[in-house]
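>>> generate coordinates for the sequence data below:
(chains A, B, C and D, ligands or ions: 6)
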Amino acid sequence: MGALAYEKALETGMDTPAARQETDREALDSVVIRFAGDSGDGMQLTGSQFTDSTALMGNDLATFPDFPAEIRAPAGTTFGVSGFQIHFASYDILTPGDAPDVLVAMNPAALKVNLADLKRGGLLVVNTGAFTPGNLKKAGYSNDPLEDSTLDAFRVLKIDISKLTLQAVEPFDLGTKEALRCKNMWTLGLMMWMFGRERESTVHWLRGKFAKSPVIADANIAALNAGHIYGETAEMPSGIGGYAVSKASLAPGHYRNINGNEATSWGLVAGAQLAGLKIFLGSYPITPASTILHTLSGLKNFGVVTFQAEDEIAAIGAAIGASWAGSLGVTSTSGPGVALKTEALGLAVVTELPLVLVDVQRGGPSTGLPTKTEQSDLLQAVYGRNGDCPLAVIAAATPGECFFMAIEAVRLATKYMTPVILLTDGALANGAEPWRIPNVSEIAPFPVTYRTDPEGFHPFHRDPETLARNWAIPGTPGLEHRIGGLEKAKNSGNISYDPDNHHQMTKIRAAKIAGIADDIPLQEVEAGPSEGELVVVGWGSTYGSIAQAVRTSLRAGLSVAHVHVRYMSPMPRNLGELLRRYKKVLVPELNNGMLVKILRGEYLVDAQALGKIAGQPFKVAELEAAIRTHLER
Amino acid sequence: MGALAYEKALETGMDTPAARQETDREALDSVVIRFAGDSGDGMQLTGSQFTDSTALMGNDLATFPDFPAEIRAPAGTTFGVSGFQIHFASYDILTPGDAPDVLVAMNPAALKVNLADLKRGGLLVVNTGAFTPGNLKKAGYSNDPLEDSTLDAFRVLKIDISKLTLQAVEPFDLGTKEALRCKNMWTLGLMMWMFGRERESTVHWLRGKFAKSPVIADANIAALNAGHIYGETAEMPSGIGGYAVSKASLAPGHYRNINGNEATSWGLVAGAQLAGLKIFLGSYPITPASTILHTLSGLKNFGVVTFQAEDEIAAIGAAIGASWAGSLGVTSTSGPGVALKTEALGLAVVTELPLVLVDVQRGGPSTGLPTKTEQSDLLQAVYGRNGDCPLAVIAAATPGECFFMAIEAVRLATKYMTPVILLTDGALANGAEPWRIPNVSEIAPFPVTYRTDPEGFHPFHRDPETLARNWAIPGTPGLEHRIGGLEKAKNSGNISYDPDNHHQMTKIRAAKIAGIADDIPLQEVEAGPSEGELVVVGWGSTYGSIAQAVRTSLRAGLSVAHVHVRYMSPMPRNLGELLRRYKKVLVPELNNGMLVKILRGEYLVDAQALGKIAGQPFKVAELEAAIRTHLER
Amino acid sequence: MTPLDPPSKLTRKDFVSDQEVRWCPGCGDYAILSAVQRTLPEFGVRPEKTVFISGIGCSSRFPYYMNTYGFHTIHGRAPTLATGVKLANPDLDVWVITGDGDGLSIGGNHLLHLLRRNLNLQVILFNNRIYGLTKGQYSPTSLIGKRTPSTPMGSVDPPLTPAAFALGCGGRFVARAIDVDAKGLPIVLRRAHQYVGTGFIEAFQNCPVFNDGAFEHFTAKEVAAETQLHLEHGKPMLFGAKGDRGLRLRPGVLELEIVTVGEDGITEADVLVHDETNRAMAFLLASLEPPTFPIALGVLYAAPSTAPTFEVALLGQNAQALAKQGAGDIDALLRKGHTWEVSAGG
Amino acid sequence: MTPLDPPSKLTRKDFVSDQEVRWCPGCGDYAILSAVQRTLPEFGVRPEKTVFISGIGCSSRFPYYMNTYGFHTIHGRAPTLATGVKLANPDLDVWVITGDGDGLSIGGNHLLHLLRRNLNLQVILFNNRIYGLTKGQYSPTSLIGKRTPSTPMGSVDPPLTPAAFALGCGGRFVARAIDVDAKGLPIVLRRAHQYVGTGFIEAFQNCPVFNDGAFEHFTAKEVAAETQLHLEHGKPMLFGAKGDRGLRLRPGVLELEIVTVGEDGITEADVLVHDETNRAMAFLLASLEPPTFPIALGVLYAAPSTAPTFEVALLGQNAQALAKQGAGDIDALLRKGHTWEVSAGG
Ligand SMILES: Cc1ncc(C[n+]2csc(CCOP(=O)(O)OP(=O)(O)O)c2C)c(N)n1
Ligand SMILES: Cc1ncc(C[n+]2csc(CCOP(=O)(O)OP(=O)(O)O)c2C)c(N)n1
Ligand code: SF4
Ligand code: SF4
Ligand SMILES: [Mg+2]
Ligand SMILES: [Mg+2]
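Ligands and ions are numbered 1, 2, ... in the order given. Here you go, the predicted structure:
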């Protein structure tokens, strides 16, 4: 059956032979696959297509894309290797998985970079066609690892994917370069066969993506199908075959895949609608935050105005100006951008304007590791401003949660007339997970009201409960007033150099933020006993790894609980009391110890840091080991 | 005797009649005088001339200039009032004094703003000539306070200083405006008489200042002398007369007055000489740091290159560039400027270049209270950067100590190849104190050596003891290399995205800074028992007030000690152990609680905050009261 | 009259706030404030629709004295806040107030991009060639050799010419006036306000305290006539006490020279006619300075405002998207693309 | 040969570092790198005396590939570090590498002040009219209507013309070349290096990945002759396949027009002669762009370098102070002014 026939079969919904063999498949509970290849090999696309079809199969899943750094490297080098890991299972998944069960290596460099992570006994799929002497040298291999003992510990499937792809797309008369571009689809086809995924969504996606060059679409589809048929028909080494991972029992509902930056963007839009405001986003591109700017730029019909500014300072400056004029000012960035926004953030604090700053954290310090993840902006977010300059800081734990925390950021910013920093990170930003779509219409709205009554108006009059000042926007007759960065008199907002006034205003600003603690959920224990030996306290994207590790440890009979902080400043009222119920407190973070500093200072608990600063998420096994060690101590 | 005769008498060293009456003076141990007037009245000059002559008299002293905010207000308004307080005594002085014993009010606004501070029963000297209906109104007085009961609690000396000045300078044929400008010298003369100060230094200074317009010099000298003679000859109300404050027994040595910004500037120059380096200062003017730029700009023959940059970012950028090229890069600023330098500071940390950042703290947040003092940049200095970005932070406790801490900043920066933040504040910057001049030649030098040997050179090779990398400067043959803000491989310094390398480099950078703790003095107890009920922990410019309050409390038999931290990050090795020797820890700071946060987190001691955020130093009485309260609790 | 009364004819008083003015006696800022307060009522824009946004500096205290909405922001960043305000509410009449330090030193980049983007607002740059507020350090417009506390031996960097800078940035309306010129300043205020796009005005402002007489070489009464060239579109560039001195293009070369009408056979027809739509001419004029040439005052450049302003173009896209796609439905957005149902039994 | 050997004739190899070049295949950056590595040996400056300082962007990776001293700094700030380096050691030959985003968006202010101050160093701005490194957002030089991830409906802001901007900032040497022009680029590198003062070069650089063909309308072989004007000082501004098209000043007005020699009685004498010392001419040339006009390449402006460079003037003050006051004595400094002795008995 030629490529076109295959495609036809798919399009008419006719079963392929593979589908008929479904029952022969070995059943697995969970699988971790890592696709790795050159930046130009399209591994991110391959991964996300595999993800989409996996989601459609009803598995739970989590993904971890691992881009090369912000450079485009010459083909074949180790620093140009791009990876995409997916973990999917028949039960609910919490992390993208520690070590892959299956590694797909499209060239020697990909093998070199990723082999150490592959589980012993795991399956390695290699494209032998790329193991040329030139590529081996670029990857730093002096011997061909396919020939020596390098791969002894693994099950290896050697396929000349390059050649097979060229054959599959021959009918389409592409140049060799273009033809070879289809090899990721060939590989995807093979992996889809291996794990019994449907190709339909990918075919649909290819048709859309290459709508303007149907030949390219056809060639890619042919390659996809050829890879699939290869799986069905080729003789596989013993122990390698088709696998089945049955559906996970997810909570019923309507699902989609979502990554953190999408979720944040949409959450901001939802939040603004709930507040009855237009969004003004001032932003300057920076990895890994740029896609928030991109996503919101595509939502102009939602009343979202996006402004790509000349730098981060201008971005936040414009957002503050827009907030003052009655929009919801938002600015999105990453660590170095937050650094630049520091001074202006202070202005927003002292003028008491609503503002949401999204910090998608990346590896630091300085330019650091722009494409890697880290949680090392926490102290900067909480403390990094001149003067006593308090604001609210919250953090999302999962990609899907970014949506809700973005809404929460909008709610707090508008209700308390304050900047709110929402912390996410590179892993959340790019990591996808199946997400039960909420009904925004069911979320309680929190409409803002601008001040319009000139009677007794003072710009710094406050709501006695929230301590928020009233929001009087330019254009309103009778409320003309002046604000600025100098200290202002308690009510009138006029400049005041009065010592007592400054003391009082500092205390009021602090009290306003501290008061938010009454308006947020009490801290809950995610898992484990409500008192006992050890509590593991996390925040942000480490959620999955910690939850998984605690779950496993609990199953192993250990006394360990998981607490995950989402409100970093102010913290939930009961947090200190809660932590004191455990003998030991362990704080794993993707930094050199930040939350742990705050907890110790705030609650005087002898919390211990577990820092990983490798630009990568925790492995579950690392956390399990740490839990054991701390329980044994 | 006309003005000229007077002057002659002075110049020939002949005693004036006043000098002959010296023995009649009432002896006092200590006096606090505050000069207050319009910004245009020259109160800062008056104050500093009084200070100089007081120092020459051998008293110990401390001063506190209190400028109006960064505006030039129309004459006569309360917001344009400028003040200068001096505390001098026959014993060693620690603070500029709480409440003045003597208030000199040059106009109604000055009276209005300052009267509340004058001690009950204190002496008020008023220039009745300025109490015109217009001025009274501008100051917000509906009744003339000289006529109603406002001043009942004080001893009042009403003098029409304006008129007497005009008379005194009549011979010089000045315009009224110019003539009236001399009234501060008239007042100074009177106060010099009252406290038995010599006018010689002021006469000398006037001659120098007005070298180009000798008539103005003569007029001012005439006014000065006229004020003095007025004291001698006029009938004073009962209870008001001449006072004598005898010499303090200061440690023997050569003394001068010095303010913090001068001391910092000179310390930097001394430090650079001890290191064998040229200074490159990149700076952008900002209150209250600008005078460091000014002072260093005047020291070009010391090999100091000063560069007024287009902004704070350019200032630090240029300093980093200069450090890389082999100079000692320095940048001076205040809080909002530090905020802007945040990103570049990270670059200096990660490229491991020596750099001294002087932060002369002012009232915050945002633009805040630019001319007031505060200690609210501590957390920003220690934590305010993206990523794990450690550097050293030290703080000076007195104006004179700024000199030594600046040297220390240079020593640490060059020895450890790291940025060092030196924290001072507005009170230190402008406050003067008699200072025993050290012999720089007696301070042990710490010469730096640049790397020159290409053999085995790697830019990130480290000294095994200090962990400092070698300093290889452009221009050196064979050491060509590239550095930057991306994470770098452990030795080669080449870009590295390797996860383990990043983890290790983060730990190494942290260890390098932490290791500084072995190279700094152990924490000492300034006063009080080495264990006991209460320890008061301060840092920075609160030194004097805390020391005074603890001294008084100790005399009153209370169990209280004073610990003053100068190394903010890393802290002295023994600090935790030391604090735990006291039952209670009280941390007074001119902020809303910063050092207290660090101490609690670091040492798990239940330290309590005592925050004053009024843009003004602590009053000794406030601290005494707090000490009592905390001991009673 | 309460502030909600129907708009009646506005007067100067409507624009005077209750705050005491806090500049040094004799400061040029007073004259500019007064010109603005006198001229604004003409435009018929009500105080509540008027916004003044400034950075930090003596000049930047300006908004406090206007009975309009005002934002005294941070050093150098006023253009950024103004951009946000204008994009959030394009109906507002926005004025940016800045100084030579605020706008050209720390804030140069924002001014550049503001001018390039061409929002419909006005910028007044108070150029006193000094940092007033921080007590007299030299600024990017200070002349070489300026002795200040930070340059005790004199400054060494060549000054920036604000008008030339504005033109280089793509500024479309560039004008100049002298603080105390009670006739010339209102004219450029008016023209800038009329202009659809960013109206950039440089005001030569005397700082009697730290840089007294910085512009005296052309503002002083005795020399004004010979050193000031008041530009008028379509009129020959004549100046001088007798109005007989003029500028012309040196034949065949791209250079200006001064000629005297009636001398050497020169007639008025030889004198260059000001064309405010000619950018190259504006660039030439911007760089003239006494003693060699007169200083060019008035409207140096006013590009025909054919291009839509930034806010019209940008917000137009929102309107277009709305028209095409309908008002965004968030629930639909969340369900866009691949979605799937997990049933209770699943 | 160890690096300490006596300076021998330098070759391209001396400037090639051991780092693998990491740009996309086909990127114009390769051609610029190669031109620099080929041209630098001519100057006779040894690698250890040569410094490359860049910001962040694809282009800013440049220093890693040069076997000289290099500093890959932070986004937009390269000019500031370069200033510090040059002031700390004026003997170094400093090159600033920046992009249209790095140098004109976030770093516009530093570039402005670098140009104004006129340090003796060279700046190469890689203009690809896009943000390459962050994956294709529009930049300050992108043309209106540019569709990018952040401007899905097209960008709306008018682009900056880097050369005009440089002139507006007071830049004293302004030149342009095309990345792959193996003849033109070395010429301007040479001229910029010779120039005593800040040599600003705009390199039109193709980004095949995110903005392919951005300059094709004048770089493509087929159109090059008709759309490129190669400037030479003192030579008439002629271009075209036959070299018969030229620029002249429209008589009496400040505007350029294209004429054809031999048509309508036009002779070569009518064609404007390039005077690279004429700033107004450079400003006019900077703004020309196809299709209406050819693009002006080569040295647009080179002010006679009479003024001392910033570092010479500033450090000259240090030398002068030293000569006048002698080497600073810190112990004496501390004892300057009022001091007094407290004796042991006191
Ligand atoms: C971030 C920051 N840096 C520095 C300052 C100090 N500062 C305030 S105003 C000013 C310069 C003002 O000059 P200009 O804009 O010319 O205003 P002028 O006072 O002359 O009107 C400076 C350096 C500040 N407020 N903020
Ligand atoms: C403070 C900061 N903001 C944003 C970024 C992200 N960033 C890196 S390079 C770049 C733009 C690069 O554009 P350009 O200078 O034109 O260089 P090109 O890649 O096109 O050569 C941006 C926005 C950053 N690294 N640092
Ligand atoms: S310092 Fe100068 S600019 Fe500032 S208010 Fe005074 S006179 Fe005006
Ligand atoms: S993205 Fe563009 S500019 Fe960057 S390396 Fe690739 S081709 Fe060159
Ligand atoms: Mg100014
Ligand atoms: Mg670019």
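>>> for the residue of the stretch 201-346 of chain C found nearest ligand 5, the count of nearby residues, please.
Of all residues in the stretch 201-346 of chain C, C:Cys207 sits closest to ligand 5, at 6.7 Å by C-beta to the ion. C-beta here means a position set from N, CA and C on the backbone, and glycine is covered the same way. Counted with other C-beta atoms under 10 Å in any protein chain shown, residues neighbouring C:Cys207 total 26.
>>> for A:Lys209, same thing?
13.
>>> excluding chain neighbours, give the residue nearest to it in space.
Leaving out its chain neighbours, the residue that sits closest to A:Lys209 by C-beta to C-beta, 6 or more residues apart in numbering or on different chains is A:Ala217, at 7.3 Å.
>>> for D:Phe215, see how far away the one you found is.
A:Ala217 is 31 Å from D:Phe215, where distance means C-beta to C-beta, to the nearest Å.
>>> give me phi/psi at residue 46?
If you meant another chain, say so; for now it's chain A. Note on A:Thr46: its backbone torsions stand at phi -60, psi -50 [degrees, to the nearest 10].
>>> returning to what we had before: ok, the residue nearest to A:Lys209 - contacts?
Neighbour list for A:Ala217: A:206-207, A:209-211 [criterion: C-beta atoms under 8 Å, 6 or more residues apart in numbering or on different chains].
>>> which of the residues in the helix or strand harbouring it are buried?
For A:Ala217, the host element (DSSP states H and E) is helix A:214-233. Residues of helix A:214-233 classed as buried by neighbour count (16 or more other C-beta atoms under 10 Å in any protein chain shown): A:216-232.
>>> same question, stretch C:243-258
For stretch C:243-258, the buried set under the neighbour-count rule, 16+ other C-beta under 10 Å, comprises C:244-249, C:254, C:256, C:258.
>>> and the spatially closest residue to C:Thr339 that is not a sequence neighbour, what's its pLDDT?
With C-beta to C-beta, 6+ apart as the measure, A:Arg256 is the residue that lies nearest to C:Thr339, at 4.3 Å, once sequence neighbours are left out. Listed pLDDT for A:Arg256 reads 93.
>>> what comes into contact with stretch A:107-118?
The contact list for stretch A:107-118 (C-beta under 8 Å, 6+ apart) reads A:34, A:36-38, A:41, A:76-78, A:80-81, A:83, A:99-100, A:103, A:105, A:124, A:126-127, A:130-131, A:135-136, A:138-141, A:145, A:150-151, A:154.
>>> switch to 7 Å and redo it
Under the contact criterion C-beta atoms under 7 Å, 6 or more residues apart in numbering or on different chains, stretch A:107-118 has outside partners A:34, A:36-38, A:76-78, A:80-81, A:83, A:99-100, A:103, A:105, A:124, A:126-127, A:130-131, A:135-136, A:138-141, A:145, A:154.
>>> which of those are buried?
With neighbours counted by 16+ other C-beta under 10 Å, the contacts of stretch A:107-118 contain buried members at A:34, A:36-38, A:76-78, A:80-81, A:83, A:99-100, A:103, A:105, A:124, A:126-127, A:130-131, A:135-136, A:138-139, A:141, A:145, A:154.
>>> restricted to helices, list those.
Per DSSP state H, helices hold the following members of the buried ones among the contacts of stretch A:107-118: A:135-136, A:138.
>>> which positions in stretch C:270-277 come out as buried?
Under the neighbour-count criterion of 16+ other C-beta under 10 Å, stretch C:270-277 has C:270-276 buried.
>>> for the residue lying closest to C:Val196 once chain neighbours are set aside, grab phi and psi.
Spatial nearest neighbour of C:Val196, excluding adjacent residues (C-beta to C-beta, 6+ apart): C:Ser305 at 4.3 Å. When read as degrees, to the nearest 10, the backbone of C:Ser305 gives phi -80, psi 80.
>>> look up how far C:Leu111 lies from C:Ser305.
20 Å.
>>> neighbour-wise, which of those two wins?
Per other C-beta under 10 Å, whichever of C:Ser305 and C:Leu111 has more neighbours is C:Leu111, with 29 against 15.
>>> which residues does that one contact?
C:Leu111 is in contact with C:79, C:103-104, counting by C-beta under 7 Å, 6+ apart.
>>> make TSV from those and add neighbour count to it.
Shown next, in TSV, are the contacts of C:Leu111 (neighbours: other C-beta atoms under 10 Å in any protein chain shown):
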residue	neighbour count
C:Pro79	33
C:Gly103	35
C:Leu104	28
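>>> adding secondary structure and pLDDT, write those residues out as a markdown table.
Shown next, in a markdown table, are the contacts of C:Leu111 (DSSP: H, G, I helix; E, B strand; the rest coil; pLDDT from 0 to 100):
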| residue | secondary structure | pLDDT |
| --- | --- | --- |
| C:Pro79 | helix | 98 |
| C:Gly103 | helix | 98 |
| C:Leu104 | helix | 98 |
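>>> which single one of those residues is nearest to ligand 3?
Using C-beta to the nearest ligand atom, C:Gly103 is the member of the contacts of C:Leu111 that lies nearest ligand 3, at 14.1 Å.
>>> verify the contact between the closest one and C:Asn127 for me.
No - the pair C:Gly103 and C:Asn127 does not pass the contact test of C-beta atoms under 7 Å, sitting 8.7 Å apart.
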